[in-house]
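[1] coordinates only, no sequence provided:
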């Protein structure tokens, strides 16, 4: 998705990647639970993706884990 000239992941892609990672890592399972309880968590991650230009799951993981 392109927003204001910046390529960023969609909210759906962010949530899908977190759900996939949740199967193997407890941190992402807890993060997925937070997203499902409060949509603002996903909104925050999406805004981060726009600001930092996350293009894929690797960019997302590097940003979240840094």
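    All right, it came through fine. Predicted, not measured: the structure shown is a model, and the values here were computed from it.
[2] where does this structure have low pLDDT?
    Low-confidence segments of the chain, defined by pLDDT under 70: 1-7.
[3] now the helices for the protein?
    Taking DSSP state H as the test, the helices found in the chain are 11-22, 26-37, 39-52, 57-64.
[4] just put these in a markdown table and tack on mean neighbour count.
    C-betas here are computed from N, CA, C, even on glycine. Shown next, in a markdown table, are those (neighbours: other CB atoms under 10 Å):
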| stretch | mean neighbour count |
| --- | --- |
| helix 11-22 | 17 |
| helix 26-37 | 14 |
| helix 39-52 | 16 |
| helix 57-64 | 15 |
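[5] quick one: contacts of stretch 51-61?
    6-9, 14, 17, 20-21, 45, 48-49, 63 (CB atoms under 8 Å, 6 or more residues apart in numbering).
[6] let's have those in CSV, adding distance to residue 32.
    As requested, the contacts of stretch 51-61 are exported to CSV (distance: CB to CB, whole Å):
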residue, distance to residue 32
6, 25
7, 24
8, 20
9, 16
14, 11
17, 10
20, 10
21, 8
45, 11
48, 16
49, 16
63, 17
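[7] need the nearest residue in space to the residue nearest the centre of the chain, chain neighbours excluded.
    Ranked by distance to the mean C-alpha position of the chain (CA atoms, centre = their mean), the top residue is residue 14 at 3.6 Å. Excluding the flanking residues, the one nearest residue 14 by CB to CB, 6 or more residues apart in numbering is residue 45, at 5.3 Å.
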